[in-house]
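>>> need a structure here:
(one chain, ligands or ions: 1)
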Amino acid sequence: MQSPIHVTSEIGKLKTVMLHRPGHEIENVYPDILHRMLVDDIPYLPIAQEEHDYFAKTLKDQGIEVLYFAKLAAEALADDQVKNEFLEKMLAESGHAAGAVHDALKEYLLSMDTQAMVDKIIAGVRKDEIHTKFVSLAEMAEDADYPFFMDPMPNAYFTRDPQASIGDGITINHMTFKARQRESLFTEYIIKYNPRFANKGVHVWRDRYHDTRIEGGDELVLSDHVFAIGISQRTSADAIMDIARNLFKDSNYDTVVAIHIPHNHAMMHLDTVFTMINYDQFTVHPQILDGGKIDTYILHPGKDGEIEIQHRTDLQKVLEEVLDKPEIDLIPTGNGDPIVAPREQWNDGSNTLTIAPGEVVTYDRNYVSNDLLRKHGILVHEVRSSELSRVRGGPRCMSCPIVREDLKN
Ligand SMILES: NC(=O)NCCC[C@H](N)C(=O)O
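Numbering: from 1, shown residues only. Here you go, the predicted structure:
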């Protein structure tokens, strides 16, 4: 049976992608919680939605099927028993495993139709939306001024991160910060219960019930046997060993390239500084390379289930070797200029979504990087980015490929 998920490269023609249109979760953010919510600014929602619709249209105009995360989630929860089980888990992960607030939230959420319930959970539930007779001492004494019973999920439109497609399977990620951890509970239910995916042979390479951390922005499928991953603020080395073990055991993947990037918010994931855009071309933020060098580790299956690790520092050579290419073109974000490069990287100038070999979608604001891509022969579709970019993610972050065509060679 052909798996409904099939992604054997970063660049094969994109056939199906999963997005999330930003909703009221964006407006449930205010200055005191910005940092904890991992957002740098508050987008103006109507314009963010217009920009997102334009992004979706750009993909649809190229013949790409667009699926929406929240719709897939609502479809997955069609059965009452499944919905109840999901809600219990979601409430527990939101800090309300039992008690009066749990009961009131559950009654409130179940009073809605399933799509409205999903949208509401993503948007967040304010305290003044529900009525409870009893509240806990913690609630009265410690959290009295906090406005939410369930926090919003303002990063949900970065569908790249809670999950990642690899081959015929997926990783359902244990994300680093609390602000994003509940997003992948939706994924778990989508894969288990949405008729498009349920019982269709989707291999879960790694589920979300781990202590070690992994996020999809760090996961790059370079080919049908080479997988690259960032050792980053969001993905730990232990999680990489775990995913490597699982891929080596049960898939075609025989090479994992782990790249150690700076651990900071501007470069939180590998795809904020490095993306693949053609058979032998990549974007790279020049500031991660020290004279062309960066700590890189090549993992291969060893004897008796062990993993062999080689330490290397020449990224270009590593890519030439693992992809079997005579030369790799690393295209510097912002043309390597000391001001333009960090400015455009901050606005996701390295974060390209490749929709076919040598064809990408990028933010319009990164015009220096975009011009340089064109000079390197890349076909660039620009999308609007005034509001979307404020939450620190670009076209690759905003999209989760579900199906790509296999590469011809
Ligand atoms: N792959 C990505 O780089 N995703 C962007 C995530 C941005 C979001 N504000 C976060 O900090 O998780």
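
>>> can I assume Ile170 sits in a helix?
No - assessed by DSSP: H, G, I helix; E, B strand; the rest coil, Ile170 does not belong to a helix; its assignment is strand.

>>> contacting residues around it?
Contacts were defined as CB atoms under 8 Å, 6 or more residues apart in numbering; by that measure Ile170 touches Ile5, Gln163, Ala164, Thr187, Ile191, Val202, His203, Val204, Trp205. Placement of C-beta: from N, CA and C, glycine included.

>>> the fourth one - how many residues pack around it?
It refers to Thr187. Residues within reach of Thr187, counting by other CB atoms under 10 Å, total 28.

>>> can you tell if whatever helix or strand it lives in touches the ligand?
Counting by DSSP states H and E, the element that carries Thr187 is helix 183-193. No - Helix 183-193 lies out of reach of the ligand by CB under 6 Å from any ligand atom, never closer than 9.6 Å.

>>> any idea which helix or strand comes after that helix?
Downstream of helix 183-193, the first helix or strand assigned by DSSP H and E is strand 203-206.

>>> flag every residue of the protein that's near the ligand.
38-39, 155, 158, 160-161, 180, 217, 268-269, 271-272, 391-393, 397.

>>> quickly check those residues for the two that are furthest apart.
For the residues of the chain next to the ligand, the farthest-apart pair by CB to CB is Val39 and Asp271; their separation is 17.9 Å.

>>> Lys83 touches Thr114, doesn't it?
Yes - look at Lys83 against Thr114 with CB atoms under 8 Å: they come within range, at 6.5 Å.

>>> mutual contacts of these two, please.
With contacts defined as CB under 8 Å, 6+ apart, the residues shared by Lys83 and Thr114 are Leu77.

>>> find the nearest non-adjacent residue to Gly167, please.
Spatial nearest neighbour of Gly167, chain neighbours left out: Ser251 (5.3 Å); criterion: CB to CB, 6 or more residues apart in numbering.

>>> I figured the one you found hits Arg206, correct?
No - with contact defined as CB under 8 Å, Ser251 does not reach Arg206; the gap is 11.8 Å.

>>> who's in contact with the helix holding Thr187?
Applying CB under 8 Å, 6+ apart, the contact partners of helix 183-193 are 69-70, 72-73, 76-79, 82, 86, 89-90, 93, 118, 153, 155-156, 161-163, 170, 172-175, 197-198, 202, 204, 207-208.

>>> for the chain, what spans make up the helices?
Counting by DSSP state H, the segments of the chain that form helices are 45-61, 69-76, 80-93, 100-110, 114-123, 137-141, 178-181, 183-193, 237-250, 315-323, 340-346, 367-375.

>>> as CSV, these with distance to Arg213 and mean pLDDT would be great.
CSV is the format used below for these (distance: least, CB to CB, whole Å; pLDDT from 0 to 100):
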stretch, distance to Arg213, mean pLDDT
helix 45-61, 27, 98
helix 69-76, 21, 98
helix 80-93, 16, 98
helix 100-110, 27, 95
helix 114-123, 22, 98
helix 137-141, 27, 73
helix 178-181, 10, 98
helix 183-193, 11, 98
helix 237-250, 6, 96
helix 315-323, 23, 97
helix 340-346, 23, 96
helix 367-375, 29, 98
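
>>> shaky segments in the stretch 301-409 of the chain?
Residues of the stretch 301-409 of the chain meeting the criterion pLDDT under 70: 409.

>>> what ranges do the strands span in it?
Secondary structure of the stretch 301-409 of the chain by DSSP state E, counting those that start in this stretch: the strands cover 307-314, 329-332, 353-356, 359-363, 379-383, 400-404.

>>> pipe these into CSV and attach mean neighbour count per row.
Listed next are those as CSV, based on neighbours: other CB atoms under 10 Å:
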stretch, mean neighbour count
strand 307-314, 13
strand 329-332, 18
strand 353-356, 24
strand 359-363, 24
strand 379-383, 18
strand 400-404, 24
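
>>> nearest to Val221, out of these?
strand 400-404 (8.5 Å).

>>> list the contacts of His261.
Heads up, residue 261 is Ile, not His. Ile261 is in contact with Gly230, Ile231, Ser232, Met267, Leu270, Val273, Phe274, Ile288, Ile294, counting by CB under 8 Å, 6+ apart.

>>> report pLDDT for the residue of the stretch 201-350 of the chain at minimum distance from the ligand.
At 2.4 Å from the ligand, Gly217 is the closest residue in the stretch 201-350 of the chain, using CB to the nearest ligand atom. For Gly217, the pLDDT comes out at 98.

>>> same deal with Met112?
Per the predicted model, pLDDT is 98 at Met112.

>>> Leu289 contacts Asp314, doesn't it?
No - contact criterion CB under 8 Å: Leu289 and Asp314 do not qualify, at 9.8 Å.

>>> show me how far stretch 42-55 is from its chain's centre.
With CA atoms, centre = their mean, to the nearest Å as the basis, stretch 42-55 stands 18 Å off its chain's centre.

>>> can I get that stretch as CSV, trimmed to CA atoms?
Provided in CSV are the C-alpha atoms of stretch 42-55 (Å, rounded to 0.1, in the frame of the first residue of the first chain):
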residue,chain,number,x,y,z
ILE,A,42,2.2,40.6,17.5
PRO,A,43,1.1,40.4,13.9
TYR,A,44,-2.0,42.3,12.8
LEU,A,45,-4.2,39.3,12.3
PRO,A,46,-6.3,40.3,9.2
ILE,A,47,-3.1,41.1,7.2
ALA,A,48,-1.4,38.0,8.5
GLN,A,49,-4.3,36.0,7.2
GLU,A,50,-4.3,37.8,3.9
GLU,A,51,-0.6,37.1,3.6
HIS,A,52,-1.1,33.4,4.5
ASP,A,53,-3.9,33.1,2.0
TYR,A,54,-1.6,34.5,-0.6
PHE,A,55,1.1,31.9,0.4
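
>>> circling back to that earlier point, select, out of the strands of the stretch 301-409 of the chain, the one closest to Lys133.
Checked against CB to CB, the stretch from the strands of the stretch 301-409 of the chain lying closest is strand 400-404, at 41.9 Å.

>>> what lies in contact with the closest one?
Contact with strand 400-404 is made by 4-9, 11-19, 65, 67, 69, 159-160, 163-165, 216, as judged by CB under 8 Å, 6+ apart.
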